[in-house]
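Visitor: let's see this in three dimensions:
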Amino acid sequence: MTNPWFMLLLAGLLEVGWAVGLKYTDGFSRPLPSILTVLAMAASFYCLALALRQIPVGTGYAVWTGIGTVGTAILGIVLFAESTAPARLACIGLIVAGIIGLKLTSPA
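Guide: Okay, here's the model as predicted:
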């Protein structure tokens with residue numbers, strides 16, 4: 001199997017893709033963005049499932065959602081002019097620190 005941490009990273013990046021894609025589906029009323037979003041969802045879950053074969057579920061799920069959260073927040077700032085308030089950026093930094101901490105302390 002491919003490196004489980006690589007699969008988890010890929011799953012997280014795909015989560016960012018589908019989370020941002022939801023904005024473009026307009027409530028799943030636009031066919032192409034809707035199809036791409038659903039495909040990204042399926043691929044993200046598949047990669048997560050593969051990663052969880054070797055990574056503990058608590059660690060894997062937390063890292064997956066953390067990558068998705070941070071990536072989506074960053075793209076929200078870049079694409080949708082969302083807030084860059086210092087407290088918000090600090091909280092995003094804390095999520096990144098948590099992801100790194102989980103990776104460093106994981107037995108997988």
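Visitor: just how off-centre is stretch 30-37 within its chain?
Guide: Relative to its chain's centre, stretch 30-37 lies at 19 Å (Cα atoms, centre = their mean, to the nearest Å).
Visitor: tally of neighbours for L104?
Guide: 7 (other Cβ atoms under 10 Å). The C-beta positions use only the backbone N, C-alpha and C, and glycine is treated the same way.
Visitor: which helix or strand contains it?
Guide: Taking DSSP states H and E as the definition, one finds L104 inside helix 86-105.
Visitor: ok, and what's touching that helix?
Guide: Contacting residues not belonging to helix 86-105 are listed as 5, 59, 62-63, 66-67, 69-70, 73-74 [Cβ atoms under 8 Å, 6 or more residues apart in numbering].
Visitor: I'd like the average pLDDT over that helix.
Guide: Averaging pLDDT along helix 86-105 gives 95.
Visitor: on the three-state scheme, Y61 is what?
Guide: Using DSSP: H, G, I helix; E, B strand; the rest coil, the structure places Y61 in helix.
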